[in-house]
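[1] Quick one: sequence and predicted model below, then my questions.
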Amino acid sequence: MSLLEVRNLTVEFATSAGQFRAVEGVDVTLDKGEVLAIVGESGSGKSVSMLAVMGLLPWTATITADRMAFEGRDLREITPAERRKIIGKDIAMIFQEPMSSLNPCFTVGFQIKEALRQHLGLDRKARHNRAIELFEQVGIPAPEKRLNVFPHQMSGGMNQRVMIAMAIACNPKVLIADEPTTALDVTIQAQILDLLLELREKNGMALALITHDMGVVAETAERVAVHYAGQKVEEQPVAGLFGRPYHPYTAALLAALPERATSRILPTIPGVVPGQFDRPAGCLFAPRCAHASAICQTRPPLPRGADEGHARCHTPLLPDGKTVAAPIEEVSQ
Amino acid sequence: MLRYLLSRLLTFVPTFFGVTLISFAFIRVLPGDPIIVMAGERGLSEERYQELVRQYGFDKSVFQQYVDYLGGVLQGDLGASFVTKKPVWDEFFSLFPATLELSICAMIFAVALGIPAGVIAAVNRGKLPDRLFMSSALVGYSMPIFWWALLLIILFSGMLGWTPVSGRMSLMYFFEPVTGFMLIDSLLSGQEGAFRSAVSHLILPTIVLGTIPLAVIARQTRSAMLEVLGEDYIRTARAKGLSPARVNGVHALRNALIPVVTVIGLMVGTLLAGAILTETIFSWPGIGKWMVDSIFRRDYPVVQGGLLLIASMVMIVNLTVDVLYGLINPKIRRR
Amino acid sequence: MTATAPAQTPANGVERPGRFKEFYHYFSENRGAVFGLWIFAGFVFVAAFAPWLAPYDPAEQFRDFTLIPPAWQEGGNWAFPLGTDPLGRDMLSRLLTGARYSFFVGVVVVTVSATGGIIIGLISAFAPKWLDAIIMRVMDIILAFPSLLLALVLVAILGPSLTNAMIAIAIVAQPHYVRLTRASALGELQKDYVTSARVVGAGLPRLMFLTVLPNCLAPIIVQAALSFSTAILDAAALGFLGMGAQPPTPEWGTMLAEAREFILRAWWVVTFPGLAILITVLSINLMGDGLRDALDPKLKRS
């Protein structure tokens, strides 16, 4: 049994112009101690799906799923109070913006001890010691002093360490990291990622890493899910994905990596992610796809089997980067 | 922080002098000769008139008069009332506790109901409690409080006979003022029923004076809460698995209070304007009624001195609010 | 014209009313605001046509019919639907005529204080630092006095009348416009379009009133709605204290002052004028909220 199992998750937001579908039919599976990377452009719904698992979406969101289970218990069937016993304890999350994700009115010590009190029921002294221990663990110098400091008195890197310390305070089984390094300097990025991997090693927790940085994926992940416009378009072990992408979008993403550039001009993906009003009828990537055929414009593709990277594509790529013209059985219909 | 305080103090000084200038100019732009007005119906002999002109310094140049006036003000001399002949300063401070007591009660009433109402409305945005509280708040905000006072009198004093109509204390009780606060003095006096009487006299004026602040605080709390509830750190708090009560009541409210406290502080002017009406209607012997009576009696030294004292008070409170703002907003405090 | 031109014309034609349409879309989303707009329209209608709507002259005294209760109550008389006051004047006629005074107060105060405040505020924003500092200090000084107290004292100086009450209220309301205009004008001055207008060589008046001012209008309009209702409330309060319109003027606040001694005997002489003030002010504030939601892009929902 997987630690975290989500089937066919759909999230819609009520906007003044009608329903906006941010996530569509996404599956997420996470096993103990595993590192899953979720990649995609901004607005591809990768954060939203994880926030839905955490139950942190605003009231405008409607969440539907066939299954959304943690350790076999469906998170939507338990009471909110029971769910809060899991959230923050067994499933924790780190956010993209460390500076705005900490409450400016309270010291970081207060904020981290609050998590300890909520879930572990430690007494005052024990909370204090545990907080210091956590700060040491995430590499904050002079932890005793730092506990009494307000978030705006520290750098973004330090704040992100505080966020991580807060997230791992109760030894979570799943840690969701939502672009934990985007807002930070390059040098600190590597430190934070190393820290996360080390913690996973030590505590045996599963890590879901949301990122748009393929470099980070290559260094850290074991399995990769690629999201596009709210859908998961491909999922593979990391070596397989980099070695042989099936979905043209994945291939295009990889081709846009500077390390992989073959010409002097870095290839880009033309066009933009479809929005609320220009959602294509068929494959969502078709308007930007170099290999799109007639069927791609009209019929939305279904995910393929594991042997083809679960690719949501009518015409998955061949090893040489070309496609079969169009699958015969679908044309004949 | 110290620098911030100093710079605030520096803007206070010219404003204060401006206020003295306005209250000084007030008596000079009045239609008619203030001394004749003061003499009233009886009239004055020529010598008495000249004597009074000299006494009030009206024979000097306007500039000299202002300098003399300012000198007096800085030494705490605001002149004496035409009517009672008592120093304005003394009159002000003998009446001020009554206004202060009423204002404090009104603010407690407004804060104690307004903040919870605002929080509940924001948390239930768009639902029934929100609509109910916010439409009541808008009605309160639009209320002509002098009419509201009359309605409450009709209902509670006239029809139900629960509360007295005017004054601070039933005539049955008498005791020397110690603090000037009727609630405290009546307890100190040890007379049975005195405290009850003080409370029953306070209830209606408190509600009347507190209504607009209550509406403003509720509306401000709601909008501040709505803004704060969209912040990233609220998501973090929820991600910790904290209960909604704690997320809303501690993490969100603590931040939302920053603008609310500012609004509360800046409401002193509103409160004093309201006190003028409330005290007049309930015959509450405070500075609001004192000012209105003095205006009608053409007791100009009192109006002049009262204007200056009230404006100074408003300025001092606003300054305090600024400092307080620094205290509750750690971002300013430790910069 | 070529074949492509007609295709563009309607597109451009839609562009302009689009702004108003968008405004009305957000405004009408707030049902309270639309409700307020209708009530306010009714108020304006009454104010405009009061002499023709009122059954009697508001000053006419029916000596045989003093303190008649409203028609639906025992002892009421359908000749006087809302009853009569202690002098036998018809309440309904007086209330209808009173709308004129309140409307007049609101319009005059908003016009005077907004015009003055906008001009001073713009000058302050464009002026050298020392002048700006002086203007802002003067506004601080006015704001240090509780508005009603300052208005009372000003009326005491000028003599009690509705005109003087309006002048006093307008003076007291002015600093809010100055501050608001200055703050938003300073915000706009940073922007590139102002710089480019300067580079092109726009004169100062043009820069102030045609380039910058239109972009500062949203908060000023909201403030105008707010001060319209405050003006009505303050004028009524002054009337109530005997420092506004003088009897027998059927101004709502003055009517309340006249009725005070009868509060325990004749509820209708007290209730109706106050209710008229409340409903009018409430409708304007409802509209003001709708305006703020519609005009303030910060509060617009995505």
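    Great, that's in hand.
[2] In space, what's closest to the residue of the stretch 51-200 of chain A found nearest chain C - neighbours in sequence excluded?
    Here the stretch 51-200 of chain A gets closest to chain C at one residue, A:Thr60, 8.9 Å apart by CB to the nearest CB. C-beta coordinates here come from the backbone N, C-alpha and C atoms, glycine included. Of all residues not flanking A:Thr60 in the chain, A:Ala14 sits nearest, at 4.6 Å (CB to CB, 6 or more residues apart in numbering or on different chains).
[3] now swap in A:Arg288 and tell me
    Here the residue nearest A:Arg288, using CB to CB, 6+ apart, is A:Gly271, at 4.1 Å.
[4] same question, C:Tyr26
    C:Ala294 (3.8 Å).
[5] and what of A:Ala17?
    A:Ala17 sits nearest to A:Gln276 (CB to CB, 6+ apart), 6.6 Å away.
[6] Can you get me a residue count around the one you found?
    Counted by other CB atoms under 10 Å in any protein chain shown, the residues lying close to A:Gln276 total 13.
[7] which non-adjacent residue is nearest B:Tyr300?
    According to CB to CB, 6+ apart, the nearest residue to B:Tyr300 is B:Ile27 (5.1 Å).
[8] Next one: the one you found relative to C:Ile142, how far apart?
    Using CB to CB, to the nearest Å, B:Ile27 is found at 18 Å from C:Ile142.
[9] On the pLDDT front, check the residue in the stretch 151-300 of chain B positioned nearest to chain C for me.
    Nearest residue of the stretch 151-300 of chain B to chain C (CB to the nearest CB) works out as B:Ala273 at 3.7 Å. Looking at B:Ala273, its pLDDT stands at 85.
[10] what's the burial count for it?
    So B:Ala273, with other CB under 10 Å, has 25 neighbours.
[11] hang on, isn't it packed against C:Leu149?
    Yes. Using CB atoms under 8 Å, B:Ala273 is in contact with C:Leu149, at 6.2 Å.
[12] In three-state terms, label the residue lying closest to B:Gly193 once chain neighbours are set aside for me.
    Leaving aside its sequence neighbours, B:Gly193 sits nearest to B:Tyr173 (CB to CB, 6+ apart; 7.2 Å). Per DSSP: H, G, I helix; E, B strand; the rest coil, the secondary structure class of B:Tyr173 is coil.
[13] show me what contacts B:Tyr173?
    B:Ser186, B:Ser189, B:Gln191, B:Gly193, B:Ala194, B:Ser197 (CB atoms under 8 Å, 6 or more residues apart in numbering or on different chains).
[14] Contacts only, for the third one.
    Applying CB under 8 Å, 6+ apart to B:Gln191 gives the contacts B:Tyr173, B:Phe175.
[15] Kindly indicate which of the contacts of B:Tyr173 lies nearest chain A.
    B:Ser186 (40.0 Å).
[16] quick one: what helix or strand has the closest one in it?
    helix B:182-189 (DSSP states H and E).
[17] Which elements pack onto that helix?
    helix B:88-123, helix B:194-229 (3 or more CB pairs under 8 Å, 6 or more residues apart in numbering or on different chains; DSSP states H and E).
[18] out of these, which comes closest to A:Arg304?
    helix B:194-229 (42.2 Å; CB to CB).
[19] what's the following helix or strand after the closest one?
    helix B:232-239.
[20] For chain B, give me its nearest residue in chain C.
    Closest point on chain C to chain B, by CB to the nearest CB, is C:Gly274, at 3.0 Å.
[21] Report the spatially closest residue to the residue nearest the centre of chain C, excluding sequence-adjacent ones.
    Centroid check for chain C by CA atoms, centre = their mean gives C:Phe228 as the closest residue, at 1.4 Å. Using CB to CB, 6+ apart and skipping the chain neighbours, the partner closest in space to C:Phe228 is C:Gly106 (4.4 Å).
[22] Please tell me how far the helix or strand that contains the one you found is from the chain's geometric centre.
    Counting by DSSP H and E, the element that carries C:Gly106 is helix C:91-126. In terms of CA atoms, centre = their mean, to the nearest Å, the centre of helix C:91-126 is set 6 Å apart from its chain centre.
[23] outside of the following helix or strand past that helix, which residues touch it?
    With elements assigned by DSSP H and E, the helix or strand that comes after helix C:91-126 is helix C:129-144. Outside helix C:129-144, the residues within contact range by CB under 8 Å, 6+ apart are B:11, B:14-15, B:18-19, B:22, B:269, B:311-312, B:314-315, B:318, C:120, C:123-125, C:127, C:150, C:171-172, C:174-175, C:178-179, C:182.
[24] try stretch C:184-191
    Residues contacting stretch C:184-191 (CB under 8 Å, 6+ apart): C:Gly121, C:Leu122, C:Ala125, C:Phe126, C:Val194, C:Val212, C:Leu213, C:Asn215, C:Cys216, C:Pro219, C:Ile220.
[25] Let's see that with 10 Å instead.
    Applying CB atoms under 10 Å, 6 or more residues apart in numbering or on different chains, the external contacts of stretch C:184-191 come out as C:118, C:121-126, C:132, C:194-195, C:198, C:207-208, C:211-220.
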